[in-house]
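Visitor: Give me coordinates for this.
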Amino acid sequence: MAYVGLRKLVYAKLLTDPLGGTPTYEEPKPFAKAITANVETATNSATNYADNRPVKVVTQIGETTLTLTSDELSQEVLSDVLGMELKKGVVIYKQTAKAPYVALGFIGDKDDDTEQVVWLTKGKFSVPSTNINTKTDSPEFQNPEITGTFIGRDADEVFKIVGDTADEAFAPFRDTFFNQVFDPAALDAPTV
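Guide: Numbering: from 1, shown residues only. All right, here's what the predicted structure looks like:
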C-alpha cells in the first residue's frame with residue numbers, strides 16, 4: 001500500500017478530558033486544504049543486559065509530532081488553534097496566549113482506492129514560522145507549515161485512532177468517522 005493523496009483536514013477543540021472518564025470535543029471544523037502531513041511518534045527503547053547478553057527490552061511511546069503543510073491557514077483557524085485574539089480580520093499574537101488542546105483528523109488516500117482515516121486526539125499547535133520569498137521568473141508556491149505536538153488523553157491514554165476502509169469490519173464507521181472525534185467505545189457496541 002502506498003499513499004497517493006491527503007485530504008479533509010479537520011479539527012475539534014477538546015472541551016473536557018477527565019481522568020478515567022469520557023473526553024468531550026466541539027464539533028469538527030475544516031482546518032485547511034491539505035498538502036502534506038508528517039506524523040512522527042517518538043518511541044524509545046532500553047535493553048537490559050545480564051549474563052553477558054541482552055535479556056529484556058522495554059519500549060516507551062512518547063509524544064507525536066505533526067508537521068502540516070497546507071494551501072492556506074485562515075486567520076480564523078490560526079487564531080482558534082493558537083488561542084490568539086481575532087479582531088476585524090487581524091490576529092493579535094500575545095506571548096501570554098494559551099493554545100487550546102485540539103484533535104486533528106485527516107484522510108490518506110491509498111493506491112488501491114481505499115482510505116486510511118486518522119484522528120490525533122489531543123495536541124497543541126505552535127505559532128508557525130513565516131517564510132516568504134520574492135518573485136522570480138518561475139512561479140514558486142510558498143505554502144504555510146504548522147507544527148503540533150500530540151499526547152495521550154487523560155481519560156483513556158489514546159493518542160491516535162486509525163481506521164482503514166480496506167478492512168470490511170470498518171464499514172459501519174466509514175461514513176461517520178469525522179462527524180465527531182471518533183470514540184473507540186463505538187467499537188464495543190453490537191453491530192447490526
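Visitor: Look up the closest residue to residue 5, ignoring the ones flanking it.
Guide: residue 109 (3.3 Å; C-beta to C-beta, 6 or more residues apart in numbering). Placement of C-beta: from N, CA and C, glycine included.
Visitor: Check which residues of whatever helix or strand the one you found lives in are buried.
Guide: Take DSSP states H and E as the rule and residue 109 turns out to sit in strand 102-110. For strand 102-110, burial by neighbour count (16 or more other C-beta atoms under 10 Å) applies to 102, 103, 104, 105, 106, 107, 108, 109, 110.
Visitor: Residue 174 belongs to a strand?
Guide: No - under DSSP: H, G, I helix; E, B strand; the rest coil, residue 174 sits outside any strand and is assigned helix.
Visitor: Can you pick out the most distant pair from the buried residues of strand 102-110?
Guide: 102 and 110 (25.7 Å; C-beta to C-beta).
Visitor: hang on, the earlier thing: could you export the strand holding residue 109 as PDB, keeping only the C-alpha atoms?
Guide: Provided in PDB are the C-alpha atoms of strand 102-110 (Å, rounded to 0.1, in the frame of the first residue of the first chain):
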ATOM      1  CA  VAL A 102      -7.400  20.100  19.900                       C
ATOM      2  CA  ALA A 103      -7.900  16.800  17.900                       C
ATOM      3  CA  LEU A 104      -6.900  16.700  14.300                       C
ATOM      4  CA  GLY A 105      -8.300  14.400  11.700                       C
ATOM      5  CA  PHE A 106      -7.500  13.600   8.000                       C
ATOM      6  CA  ILE A 107      -7.800  11.100   5.200                       C
ATOM      7  CA  GLY A 108      -4.900   9.500   3.400                       C
ATOM      8  CA  ASP A 109      -5.900   8.100   0.000                       C
ATOM      9  CA  LYS A 110      -4.200   4.800  -0.900                       C
END
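Visitor: who touches that strand?
Guide: Strand 102-110 has contacts (C-beta atoms under 8 Å, 6 or more residues apart in numbering) with 1-14, 25, 28, 31, 34, 37, 66, 81, 115-125, 148, 150, 166, 177-178, 181.
Visitor: Let me know the distance separating the nearest residue to residue 73 once chain neighbours are set aside from residue 136.
Guide: Excluding the flanking residues, the one nearest residue 73 by C-beta to C-beta, 6+ apart is residue 144, at 4.8 Å. Separation of residue 144 from residue 136 (C-beta to C-beta, to the nearest Å): 20 Å.
Visitor: In terms of neighbours, single out the busier of the two.
Guide: Using other C-beta atoms under 10 Å, the more surrounded residue of residue 144 and residue 136 is residue 144, with 17 against 7.
Visitor: rewinding a little: who does the residue nearest to residue 5 form a beta bridge with?
Guide: Residue 109 has these beta-bridge partners by DSSP bridges: residue 5, residue 115.
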